[in-house]
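# coords please:
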Amino acid sequence: MILAALIAFSTPVAEPTGAQLISKMFALYHDAKTLRGEIVCTQSAQNVTVTTRTTLQLERPNRLYILQTRDGSAGGRWKVAADGLRFSYDRPKGIGGKARFMEPMTMRDGTKLGIEDVYTAVIYSLGDKCAPLDIAIGRRDDLRGLIKEWDTNFVVKGTQTIRGITGNVVTGGYHPFPGSRNLGYLEMVIADDGTLLRYFLRDRVSVTDVLKEVITVETNFEVSLKIGAELDPSLFTNLN
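Have a look, this model is predicted:
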């Protein structure tokens, strides 16, 4: 399986468990026919906390709904909807024009777009393109990008019970941005079946050009996505 191979190449033979859980997680969401739920991101630094909520619903191959809201001074609201025939999204960052755009899901040559194609098209229209959302959508380029960010010497450190579900605590490091020599702390809580329950990052960020001040930023994602959940069809068709 391609998804399993993406992570397996960097798995230390002595500690395969964390990588196996991640591979199972990738495959679980990539193969999910329907999914519905919420991702709540809380980012904290210097006594300031910002919360972003992502509501996600999908039905493969071509129906998708993403609604994001964020509080605070940088708050906002972003929505993507695809009903299988058309998809709509907010004006991308740095682009002029109307507030929302709408595109057909059948190209001029007859090619039909799927969920992953729509996600590719709307990346710059989202408030928070985050790792849990990338994992849930399952676009291969995003999964490869995550693997490049991670220091893949994963270690499993016991279990945690979150919302009544017991998950394995998978820890490791990650590079906050491409080419960074700094290594942040990464923690995922993954159930035995591959369900992602929590995704947590901690890194130290320089806030001045001369590196006089370094702050700690913690980003926590509580992931409540249910595969096979009952869907609300009206969300897909609410394109406005």
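# what sits against the one residue sitting closest to the centre of the chain?
With distances taken as CA atoms, centre = their mean, the residue of the chain nearest its centroid is residue 133 (2.3 Å). For residue 133, the set of contacting residues under the criterion of CB atoms under 8 Å, 6 or more residues apart in numbering consists of 39, 54, 56, 66, 126. Placement of C-beta: from N, CA and C, glycine included.
# okay if I get those residues as CSV plus secondary structure and neighbour count?
CSV is the format used below for those (DSSP: H, G, I helix; E, B strand; the rest coil; neighbours: other CB atoms under 10 Å):
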residue, secondary structure, neighbour count
39, strand, 25
54, strand, 26
56, strand, 23
66, strand, 26
126, coil, 20
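# so which residues of this structure form strands?
All strands of the chain, identified by DSSP state E, fall at 34-45, 48-59, 63-70, 76-83, 86-90, 100-104, 150-162, 165-174, 184-191, 196-206, 214-227.
# quick one: average pLDDT of the longest one?
This predicted structure assigns strand 214-227 an average pLDDT of 94.
# returning to what we had before: okay, the strands of the chain in JSON lines with distance to residue 23 next?
Below are those laid out as JSON lines (distance: least, CB to CB, whole Å):
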{"stretch": "strand 34-45", "distance to residue 23": "19"}
{"stretch": "strand 48-59", "distance to residue 23": "21"}
{"stretch": "strand 63-70", "distance to residue 23": "24"}
{"stretch": "strand 76-83", "distance to residue 23": "28"}
{"stretch": "strand 86-90", "distance to residue 23": "30"}
{"stretch": "strand 100-104", "distance to residue 23": "34"}
{"stretch": "strand 150-162", "distance to residue 23": "11"}
{"stretch": "strand 165-174", "distance to residue 23": "11"}
{"stretch": "strand 184-191", "distance to residue 23": "10"}
{"stretch": "strand 196-206", "distance to residue 23": "13"}
{"stretch": "strand 214-227", "distance to residue 23": "17"}
